[in-house]
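>>> what's the 3D shape of this:
(2 chains)
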Amino acid sequence: MADQTGRRGDHLCWAYTDPADLHQRAVAFLTEGLSRGHRIEYLAAGAFADLLDHVAGLTDRDTLLLEGRLGIRSLDDLYGVDEVVDPAVPLAAYAAATDAAVEDGYTGLTVVADATPLVRSDEQRRAFRRYEHLVDRYMTDHPFAAMCAYDVTALGWAAAAELACLHPDASDGSTGFRWYAGVGGSVHLDGEVDIANMELFDDTVALTLPTAARSVTVDGSRLEFLDHRAMLSLERQARRHDIKVTLVSDAPVVHRLADLLGLRAVRPQWQ
Amino acid sequence: MTPIQAGGFEHGLGFFGSDDEFAATFTPFCRDALEQDAPVVVRVADRYAELLRDDLGPDAGVVFAAQGDQYQDPPGALRNAIDLIERHSHPTRPVYLLGELPPMTGLGRDAWVRYEAAANRVLDQRRVKALCATDTRGLDASLKDDLLRSHHVIVDADGSQPNPAFTTPEVAAAARTPVRDPLEHTSPALQLHNPTPGAARHAVARLAAASGVRPAQIDDLLVGLSEVLGNAIRHGTEPVQVSAWSVAGKVVVAVRDSGSGPADPFVGLLPQGEPGERVGGLGLWISHRLCPQISLSVDASSFTVRMAVEAAA
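This is a model prediction of the structure:
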């Protein structure tokens, strides 16, 4: 699954409309975790018996459960109804669980989580998007992999896109661009940004642009299109934080627009 | 020559049909400047520059500027003109500028005709006498009418006279002759109804791949398409229709919405401010910069932007 960035496959967003299809994919993702030597965990809302049923397709499910290699947890036990999640809390919990898995002799931790109840309201979603980016960065240098599932029939496609765009890999049609963590504090920007998803891009950058360092590299090696609004959004936000953004891309549009717009904080660079 | 108002911009249209007429029409313009001790900048093809040098003498004081890519695109040309004027400005005398007309061919004619009118608005406070050398050989009658609306004076080998057809920049732009690409007489290879910009880019990219037009030009066309379609979606009225034609060496796209188009007749042409301060019009400005073969047209029920890219002859 991993390519030269080492990312695709370790953090997957699945925006679903059919629960049965989701459960099949969850089993496949967890099985991949097993093949990597990971401990695995399935997390969703509902009764334990139902969750157990969702992963019925796992080979030797009950043995894995008894051995402590498969964990099944209900969101109902972890979060209150309509709770706005503090991004640091689940991050710390997964970091601890990853450490524990390694201490117990596994190579890491693979999780499938249907977090739909945690992202129903705008406020919840905003907090959870921060968490998604934090945990995404955590994955760049820890043996932790996750498939984040969101129920489109409950959230709608626009809300699902807000979350999907923060993953290195996402189900087809869930987002036009992907903005995710890279090595050394860099960010990747894949796909296409234009008027159709410009507001989401602007907001996503505002929520997650790393501003601690004086400069950030945005790896656009899989960037296909970026319109002038998106370029100006990056420029404005970089200026606001007094940082430089190096946008690495071989997409001619990036270089043409940066030149025409006279950008100063965003510097395009050929790969 | 018509005296220009203090601080005013005088835009002349100078006609010639032979080398002899070129010298007879434009040498007096240069002499007029030199006699007043005014700066005079000439930006014409080398062979025409030679004719003037022969008449004026080698060290007459005329600045011959390289043509370069002066007419690469209309907003860039306006910016260049302002820079040139500022570089050569004089505290008390007007700057005299002699240049050739931009390339009035294809869809680009529409943008350049608007450019000629826009110059009157953009430069109206500048102390400048500009003269556009216009070859009458093969000059299209409707193009001549379009140009007459945007030039204060007419100059030929017999001298200079006020131009009765001159009108305000806004009226000149609005009255211009509509320009169509001949490919529009054929059925489009592609028609998309209310597409997203992404869907339109992908479809036109697939269509254009076999055209033989350079990929960099197709990329520029796709940027223009995306910007223009984004405007139609954001500011226009549905339905929005994208049509495209592709033949060997040429790709044409047309984006039509059911609105009345932008109110500003010079949208897309005028120099922009600082990045980050820009509001509105930037998408069309980018489209004009990257895809100078561009036309805007309004009829009773729709607004259409057409853009073309062609393989170099």
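
>>> okay, CA-based contacts and neighbour counts for the rest of this
Noted.

>>> Tell me who's in contact with the residue of the stretch 151-271 of chain A found nearest chain B.
Here the stretch 151-271 of chain A gets closest to chain B at one residue, A:Ile195, 5.8 Å apart by C-alpha to the nearest C-alpha. Contacts for A:Ile195 (C-alpha atoms under 8 Å, 6 or more residues apart in numbering or on different chains) come out as A:Asp227, A:Arg229, B:Pro197, B:Gly230.

>>> after the helix or strand hosting B:Ala24, next one along is what?
Following DSSP states H and E, the helix or strand that holds B:Ala24 is helix B:19-36. Once helix B:19-36 ends, the next helix or strand along the chain (criterion: DSSP H and E) is strand B:40-43.

>>> Spell out which residues of the stretch 151-271 of chain A are next to chain B.
Contact residues, the stretch 151-271 of chain A versus chain B (C-alpha under 8 Å from any C-alpha of the partner chain): A:192, A:194-196, A:227-228, A:232, A:235-236, A:252-253, A:260-263.

>>> Among the residues you listed, which lie within strands?
Assigned to strands by DSSP state E, the following of these qualify: A:Glu192.

>>> Pull out the buried residues from the residues of the stretch 151-271 of chain A next to chain B.
A:192, A:194-196, A:227-228, A:232, A:235-236, A:252-253, A:261, A:263 (16 or more other C-alpha atoms under 10 Å in any protein chain shown).

>>> taking those one by one, which sit in helices?
Mapping these onto helices (DSSP state H) picks out A:His228, A:Leu232, A:Glu235, A:Arg236, A:Pro252, A:Val253, A:Leu261.

>>> Surely the fifth one is in contact with B:Pro215?
Pointing back at A:Pro252 there. No. Using C-alpha atoms under 8 Å as the test, A:Pro252 is too far from B:Pro215 to be in contact (9.7 Å).

>>> before we move on, back to that, pull the most distant pair out of the buried ones among the residues of the stretch 151-271 of chain A next to chain B.
Maximum pairwise distance in these, criterion C-alpha to C-alpha, is 22.8 Å, between A:Ala196 and A:Leu263.

>>> Can you check the pLDDT for B:Gln5?
B:Gln5 carries a pLDDT value of 50.

>>> In terms of helices and strands, where is the residue of the stretch 1-150 of chain A found nearest chain B?
Proximity of the stretch 1-150 of chain A to chain B (C-alpha to the nearest C-alpha) peaks at A:Ala15, 20.5 Å away. In this structure, A:Ala15 is located in strand A:11-16 according to DSSP H and E.

>>> so what secondary structure elements neighbour that strand?
If contacts are counted by 3 or more C-alpha pairs under 8 Å, 6 or more residues apart in numbering or on different chains; DSSP states H and E, strand A:11-16 sits against strand A:144-151, helix A:152-155, helix A:157-164, strand A:169-170.

>>> and the angle from the third one to strand A:11-16?
In this case it means helix A:157-164. Helix A:157-164 and strand A:11-16 are oriented at 170 degrees to each other (axes from the mean of the first three to the mean of the last three C-alpha atoms, to 10 degrees).

>>> Show me what helix A:157-164 is packed up against.
strand A:11-16, helix A:122-140.

>>> switch the cut-off to 6 Å
Packed against helix A:157-164, as judged by 3 or more C-alpha pairs under 6 Å, 6 or more residues apart in numbering or on different chains; DSSP states H and E, are no other helices or strands.

>>> average pLDDT across it?
The pLDDT scores in helix A:157-164 average 98.

>>> Need the contact partners of that helix.
With contacts defined as C-alpha atoms under 6 Å, 6 or more residues apart in numbering or on different chains, helix A:157-164 is touched by A:Cys13, A:Ala170, A:Ser174, A:Thr175.

>>> now that we have these, which one has the most neighbours?
Greatest neighbour count in the contacts of helix A:157-164, by other C-alpha atoms under 10 Å in any protein chain shown, goes to A:Cys13: 28 neighbours.
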